[in-house]
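**Q** got a sequence here, can you model it:
(one chain, ligands or ions: 1)
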Amino acid sequence: MSENYSESSIKVLEGLQAVRQRPGMYIGSTGVRGLHHLVYEVIDNSIDEAMAGYCKNISVILHVDGSVTVEDDGRGIPVGIHPTAKVSTLQVVLTVLHAGGKFDTNSYKTSGGLHGVGVSVVNALSESLTAVVQRDGGIFTQNFERGKPTGEVQRTGNSSKTGTKITFKPDGQIFETLELSYEILAKRFRELAYLNKGIKIKLIDERFDVSEEFHAEGGIPSFVKYINKTKNLIFDEPIYVKGESNNIIVELAIIYNDSYNENIYSYVNNIHTEEGGTHEAGFKAALTKAFNSYVTKNNLVKENNLSGEDIREGMSAVLSIKMTDPVFEGQTKTKLGSNNAKTAVESIVSPALQDYMEENGIIVKKILEKALQAYMAREAARKAKELTRRKSALERDSLPGKLADCHEKDPAKAEVFIVEGDSAGGSAKQGRNSDFQAILPLRGKILNVEKARLDKMLSSQEIRNMITAFGAGIGKDAFNPEKLRYHKIIIMTDADVDGAHIDTLLLTLFYRFMPELIFEGHVYIAMPPLYKAMPAKGKEQYLYDDKALEKYRKTHKGAFTLQRYKGLGEMDAEQLWETTLNPETRMLKQIEIEDARMASEVTELLMGTDVSPRRTFIYEHATEAELDV
Ligand code: 0RA
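**A** The predicted structure follows:
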């Protein structure tokens, strides 16, 4: 059954309204990141045209009035009447959610993450948008305001060229900031130019009269050299692999510098997969295998196999794959989960590396020498650590005395509450269900040090208790999430400045030394109620925020008294169970850091002297409050 025109146009308006009501769901945030995502969204469509072989030149102009123009010389968005919508395809692309790009499934459309939501989202979040298409011998123009067309598409001239030009002005009613950053855009365009060799992206900033063109004929080998431009390379020409397997295109460039770090930048359909995933796993497996079989074949190293870690010391690599329907996982949705990517990468990289090694003995020898040094250094360190480790193994078995542990031994079912203060800790111990809930009180006084430095935090007995209670160690190499004793770590502090301070310090500590805790979604903040409403008639009710109070006021006509909770200490054990501990009724916020880069900025911010209350941090970086049922 086909819908009539007015029905479908109502649906369109509802869709755009949804975008305006909850912009964060479509573009991540309404802050700096979200604003830049608008530009990425439009340019992604141009890049898709380029990846399909139809577009070479893209230009982005930042205008003085805050509007942006993205122009490409692709095929142009079709302007003819759309068969089912009965309006121009241009209007459909710009007003229907997810109608975005091409209608064939063969293209490697960027999807997942925050990309690929469609230009209609940009339209909905723009105060005005003008699309100018050159196609079929003509120039066609259509205007929109806050997502709604202000008229039909008009033919405004003739042209023998093709392309799309979209000018939009981000809506001040939606965004907290309207200032686009030249640096942020330049960085992303440089990356896109390297990842899609041959494409020219011109960035013109009319506000400051600067411009730059990003264009890399060298592709990802030049990218990996660019990343290492301040490093000492141990050989000059990156190892380069390209191939296709099962419709997955794999491209890899590897270089080695004389440092001890490994750096892998991986991408799926131009999206930076900061948490890695299956494609990286396939690459690492292939690399380890290739080197070890070379070593065995040439009878080079007597003892054990070299570990992957040894082989990757000093390695810098860019891995870029293009595939249809990638599945993204991880707390920040930047971890590739698609298993076929591992197989594809491994099957292309393994033989290619083996061929490379046969032909480049001198370079391979340099890498192997470095790996061997890494191996010996690691062995020496391991032996030296043996003693200390044995000693701390004893300590590890004895849990801190302040911890009221739970009976549950399965970490997936166990949770630990980090509670501010001994008195709230006492109520929590009484109120909890000791089957699966452990309580660790932290004395606020110790944490409540102005401008606490991390090293200072680590010297605190309270913090060390916490690390022991978690059971997974600490630090980049030593932290092992598999040893974690509780899969839910719940920070429970008062909703005041001191509480905010403690949340901040704990989250910073976790981020710096146990980032997996956050990436894997183990960290939560308990949200005790702010109020208890007690009506003259009927049941009392806990209210968790001011919004809930407002709603309560509107829906409850009769008189009621309102109790305001200032701290956890005001609740007895039973109330604490009912409001904050009981999984059936409590409110938890899961801490989710948008991505590692953003997180490090947030951490910087949090480490500053001006610690703004937890509300700001949590509302910006946690998922919507959810009843944890
Ligand atoms: C729908 C279909 C086709 C291209 C596009 C959309 C398209 C969208 C954007 C957005 C910015 N630049 C763009 N360029 C193209 C396919 C057109 C065809 O088959 O001729």
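**Q** what does the stretch 1-150 of the chain put close to the ligand?
**A** For the stretch 1-150 of the chain, the contact set with the ligand under Cβ under 6 Å from any ligand atom comprises 45-46, 49, 72, 74-75, 77-78, 93, 101-102, 119. C-betas here are computed from N, CA, C, even on glycine.
**Q** report all helices and strands that the strand or helix carrying residue 11 contacts.
**A** If you go by DSSP states H and E, residue 11 is part of helix 5-21. Packing partners of helix 5-21 (3 or more Cβ pairs under 8 Å, 6 or more residues apart in numbering; DSSP states H and E): helix 89-95, helix 119-124.
**Q** show me what counts as buried in whichever helix or strand comes after that helix.
**A** As assigned by DSSP H and E, the chain's next helix or strand after helix 5-21 is helix 23-27. Going by neighbour count (16 or more other Cβ atoms under 10 Å), the buried part of helix 23-27 is 23, 26-27.
**Q** now these in JSON lines, with pLDDT?
**A** Output for the buried residues of helix 23-27, formatted as JSON lines (pLDDT from 0 to 100):
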{"residue": "23", "pLDDT": "93"}
{"residue": "26", "pLDDT": "89"}
{"residue": "27", "pLDDT": "90"}
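**Q** least confident secondary structure element in the protein?
**A** strand 626-627 (a mean of 33; mean pLDDT, DSSP states H and E).
**Q** how about the helices and strands packed on helix 5-21 in JSON lines, adding mean neighbour count?
**A** Output for these, formatted as JSON lines (neighbours: other Cβ atoms under 10 Å):
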{"stretch": "helix 89-95", "mean neighbour count": "23"}
{"stretch": "helix 119-124", "mean neighbour count": "26"}
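**Q** save those helices as a markdown table, and put in distance to residue 272 and mean pLDDT too.
**A** Shown next, in a markdown table, are the helices and strands packed on helix 5-21 (distance: least, Cβ to Cβ, whole Å; pLDDT from 0 to 100):
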| stretch | distance to residue 272 | mean pLDDT |
| --- | --- | --- |
| helix 89-95 | 26 | 95 |
| helix 119-124 | 20 | 96 |
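**Q** hang on, the earlier thing: then the helix holding residue 11 to CSV, C-alphas only?
**A** This file holds the C-alpha atoms of helix 5-21, laid out as CSV (Å, rounded to 0.1, in the frame of the first residue of the first chain):
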residue,chain,number,x,y,z
TYR,A,5,1.5,12.5,0.1
SER,A,6,0.2,14.2,3.2
GLU,A,7,0.7,11.1,5.4
SER,A,8,4.3,10.7,4.4
SER,A,9,5.0,14.4,4.8
ILE,A,10,3.6,14.2,8.4
LYS,A,11,6.0,11.4,9.1
VAL,A,12,8.9,13.4,7.7
LEU,A,13,8.1,16.3,10.0
GLU,A,14,7.8,13.9,13.0
GLY,A,15,11.2,12.5,12.1
LEU,A,16,12.9,15.9,11.9
GLN,A,17,11.1,16.9,15.1
ALA,A,18,12.6,13.8,16.9
VAL,A,19,16.1,14.9,15.7
ARG,A,20,15.6,18.4,17.1
GLN,A,21,14.2,17.1,20.3
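**Q** and the residue of the stretch 1-150 of the chain closest to the ligand?
**A** Distance from the ligand to each residue of the stretch 1-150 of the chain (Cβ to the nearest ligand atom) is smallest for residue 45, at 3.3 Å.
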